[in-house]
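Student: missing the sequence, but the structure's below:
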């Protein structure tokens, strides 16, 4: 039980980290970039550890916090995106447009791991580029963290993580094609004379 509580506490801490990201954007903007890098690394490390603690707890049933781990991850990404806007690295209009597009996607297709990762990937990618360009020493720590994470998860990374992501992408593509085909069928039935 203790391991599950630790896992949930680590997961919940990402809410606090998200609030810190937004606060740093409001109060310090660009000057906070090195701090934001470290907060992101703490968040990513916590995300790697909470699952391990939960699996080692021996409890089969997932807690509410554990079941919503993806939403906590996405909260960090959204807060990071807001930091990027508040610090002037991304225009606020693009942030609003990005969030609105994803709101429609999640409303239409639901929230799953693949879509959650697709929502986060451009945000993290842009942040990595910004951090390497603006504070190379801090940006380098992100690259080091990513390499270490891949090495530590290596047996699982190519055998499980990548195939799951590709399989999820294929499933989403099939759902999109099916949805578009159903729309074509409905349009054709509306166009036919009765």
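Tutor: Looks like it arrived, so ask away. This is a predicted model, so every value here is computed, not measured.

Student: show me where the chain has helices.
Tutor: Shown for the chain, the helices assigned by DSSP state H span residues 2-27, 33-55, 64-67, 69-86, 92-109, 113-134, 136-152, 156, 162-191.

Student: out of these, deepest packed?
Tutor: Most buried of the helices of the chain, by mean neighbour count (mean count of other C-beta atoms under 10 Å): helix 69-86, with a mean of 21. For every residue, glycine as well, the C-beta is placed using N, CA and C.

Student: what lies in contact with that helix?
Tutor: Under the contact criterion C-beta atoms under 8 Å, 6 or more residues apart in numbering, helix 69-86 has outside partners 11-12, 14-15, 17-19, 21-22, 24-26, 29, 32, 36, 40, 43, 47, 50-51, 65, 90-92, 94-95, 98-99, 111, 113, 116, 119-120, 123-124, 126-127, 130.

Student: with stretch 121-134 instead?
Tutor: 30, 33, 36-37, 40, 77-78, 80-81, 84, 89-90, 98, 138-140, 142-143.

Student: quick one: residues contacting the residue minimising distance to the centre of the chain.
Tutor: By C-alpha atoms, centre = their mean, the chain has its centre lying nearest to residue 120, at 3.4 Å. If you count contacts by C-beta under 8 Å, 6+ apart, residue 120 has them with 73, 74, 77.

Student: between the residues you listed, which sits nearest residue 154?
Tutor: For the contacts of residue 120, the minimum distance to residue 154 (C-beta to C-beta) is 21.6 Å, reached by residue 73.
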